[in-house]
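Chemist: Based on what follows, work out the 3D shape:
(2 chains)
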2 protein chains.
Amino acid sequence: METVDIKQPVLQLNDKLAKENRENFAKHGVYVLNILASPGSGKTSTIMATIDALRDTYNIAVIEGDIASNVDSERIAKLGIPAVQVNTGGACHLESDMIKRAVDQLDLDNLDLILLENVGNLICPVDFDLGENAKVMILSVPEGDDKPLKYPGVFQASKAVILNKIDTLPMFDFDQKAFEDHVHALNHEVPVFPISATNGQGVDAWADWLSKHIEDAHAQQGE
Amino acid sequence: METVDIKQPVLQLNDKLAKENRENFAKHGVYVLNILASPGSGKTSTIMATIDALRDTYNIAVIEGDIASNVDSERIAKLGIPAVQVNTGGACHLESDMIKRAVDQLDLDNLDLILLENVGNLICPVDFDLGENAKVMILSVPEGDDKPLKYPGVFQASKAVILNKIDTLPMFDFDQKAFEDHVHALNHEVPVFPISATNGQGVDAWADWLSKHIEDAHAQQGE
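Modeler: Numbering: from 1, shown residues only, chains lettered A, B, ... in the order given. Next comes the predicted model:
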């Protein structure tokens, strides 16, 4: 029996278009974040808190990935921020051709930052480069401190880890020290930002990290 | 360019082995649940609460699916319940051959109920029949009441929906009526069981539903 390896060709095509996306973003000096998390961990709320912290300084757009619905892009659009909804129609992750088409609807010349909200899933999106500058993941307190043990790939791939819903720590048996130890066992230097997207706690430190990376993207464009 | 459809052959092989699993379970009168949920929605805690409610009446075993780690099977084994860990090594769902091999480690003659905890993922496991009697999904309150809009497939495929962590309702902006309406728009007759796996609230109603289905499996074996 012949074995057909379908994953490699799919990833090769994806990576080719991701490279084009990355070159396009770099040419325009736009910094792009690929945000990964489980369903319901607060991706959209974190994006909204990030917009709130940075919109006076930077021009921001959002690309929302979901299997179905436009619930999230409507929430973003209400803030007066350009938002493009991508419905994957069943696929468990965004791919770089979807991003390419979504970006065509944005005015890159007038943007500093694009936030890509991936499909809610800790597994499939990890393998798919979208041309982003960095993957960032969000884990929320109610999900539990053992998640790095069960989903190591996403913690290894992320340039920053946001721990969301820290306002609910008193309700849950979540050991923050143990969580950070598990994360750093997988990814030694990665910063962990404990935040509450709903009450704003900790968002400033996260926004500072992101601002530095946006500035670096601007500086590199000028070189 | 030739297009290779890899999904259909993979699913066909999976479905063939699922059929064999199903015949094996039926022969032994064992009822099998395939439990789907996001990471951190309380799958293992719900399984433990279910064991607590039913272990005096039925012989139960658990098969734990995870990308990595044996955290969950260790929790179950501590209860004195047979537990088999399946590590998918990256795959975002269990497949029927994994279940077939795990079941080989169990004594089906002396079991009434097998609880399969799938990988934490609302998308990929939906397509893969494992030979179970029913898929059941768990959504937890912190994930939000809009999840049926974003992940319709899993709500459509489930024979029962468990709403877990209802003890945290006061902390979250979760509209239980809206959630149930969204669920029933996708799956008209499906029962929704609001529970708290940690404090036991609502578990009796869920356990009653499950008991009836175990009894049906027993009755059908005798026919």
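Chemist: Please list the residues of chain A that sit near chain B.
Modeler: For chain A, the residues in contact with chain B (C-beta under 8 Å from any C-beta of the partner chain) are A:4, A:6, A:38-41, A:66-69, A:71, A:90, A:92, A:119-124, A:139-140, A:142-144, A:146-147, A:149-153, A:165, A:168, A:171. Every C-beta, even on glycine, is put in place using the N, C-alpha and C of the backbone.
Chemist: which of these are buried?
Modeler: A:38-41, A:66-67, A:69, A:71, A:92, A:119-124, A:139-140, A:142-144, A:146-147, A:149-153, A:165, A:168, A:171 (16 or more other C-beta atoms under 10 Å in any protein chain shown).
Chemist: So which of those residues sit within strands?
Modeler: A:D66, A:L139, A:S140 (DSSP state E).
Chemist: Which one of those is nearest to B:E189?
Modeler: Among these, A:D66 lies closest to B:E189 (C-beta to C-beta), at 26.2 Å.
Chemist: how about stretch A:55-74: buried residues?
Modeler: Neighbour counts over stretch A:55-74 (16+ other C-beta under 10 Å) mark A:58-67, A:69-73 as buried.
Chemist: typed the wrong thing, it's stretch A:84-102
Modeler: Applying 16+ other C-beta under 10 Å to stretch A:84-102 flags A:84-88, A:91-100, A:102 as buried.
Chemist: Please apply the same query to stretch A:206-223.
Modeler: For stretch A:206-223, the neighbour count (16+ other C-beta under 10 Å) marks A:W206, A:A207, A:L210, A:S211, A:H213, A:I214, A:A217 as buried.
Chemist: got the contact list for the last one?
Modeler: Contacts of A:A217 were listed using C-beta atoms under 8 Å, 6 or more residues apart in numbering or on different chains, and they are A:A26, A:G29, A:V30, A:Y31, A:D112, A:N133.
Chemist: and of the buried residues of stretch A:206-223, the nearest to chain B?
Modeler: A:W206 (19.9 Å; C-beta to the nearest C-beta).
Chemist: So the closest one sits against A:I195, correct?
Modeler: Yes. Using C-beta atoms under 8 Å, A:W206 makes contact with A:I195 at a distance of 5.7 Å.
Chemist: shared neighbours of those two, anything?
Modeler: A:I162.
Chemist: For the buried residues of stretch A:206-223, give me CSV that also has secondary structure and pLDDT.
Modeler: Formatted as CSV, the buried residues of stretch A:206-223 follow (DSSP: H, G, I helix; E, B strand; the rest coil; pLDDT from 0 to 100):
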residue, secondary structure, pLDDT
A:W206, helix, 98
A:A207, helix, 98
A:L210, helix, 98
A:S211, helix, 98
A:H213, helix, 96
A:I214, helix, 96
A:A217, helix, 88
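Chemist: Now distance to B:V161 too, for the residues you listed, in JSON lines please.
Modeler: Output for these, formatted as JSON lines (distance: C-beta to C-beta, whole Å):
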{"residue": "A:W206", "distance to B:V161": "34"}
{"residue": "A:A207", "distance to B:V161": "37"}
{"residue": "A:L210", "distance to B:V161": "37"}
{"residue": "A:S211", "distance to B:V161": "42"}
{"residue": "A:H213", "distance to B:V161": "41"}
{"residue": "A:I214", "distance to B:V161": "42"}
{"residue": "A:A217", "distance to B:V161": "44"}
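Chemist: Break down chain A into its helices, ranges please.
Modeler: Secondary structure of chain A (DSSP state H): helices located at A:7-27, A:43-54, A:71-77, A:96-103, A:147-150, A:152-157, A:176-186, A:203-222.
Chemist: Tell me who's in contact with the most centrally placed residue in chain A.
Modeler: Centroid check for chain A by C-alpha atoms, centre = their mean gives A:I35 as the closest residue, at 1.0 Å. Neighbour list for A:I35: A:K43, A:T46, A:I47, A:L115, A:L116, A:E117, A:N118, A:K135, A:V136, A:M137, A:I138 [criterion: C-beta under 8 Å, 6+ apart].
Chemist: A:I60 is in contact with the fourth one, correct?
Modeler: Yes. Counting by C-beta under 8 Å, a contact exists between A:L115 and A:I60, whose distance comes to 6.8 Å.
Chemist: so what's in contact with the two at the same time?
Modeler: By C-beta under 8 Å, 6+ apart, the residues touching both A:L115 and A:I60 are A:I51.
Chemist: which regions of chain A sit below the pLDDT cut-off?
Modeler: Applying pLDDT under 70 to chain A flags residues A:1-7, A:222-223.
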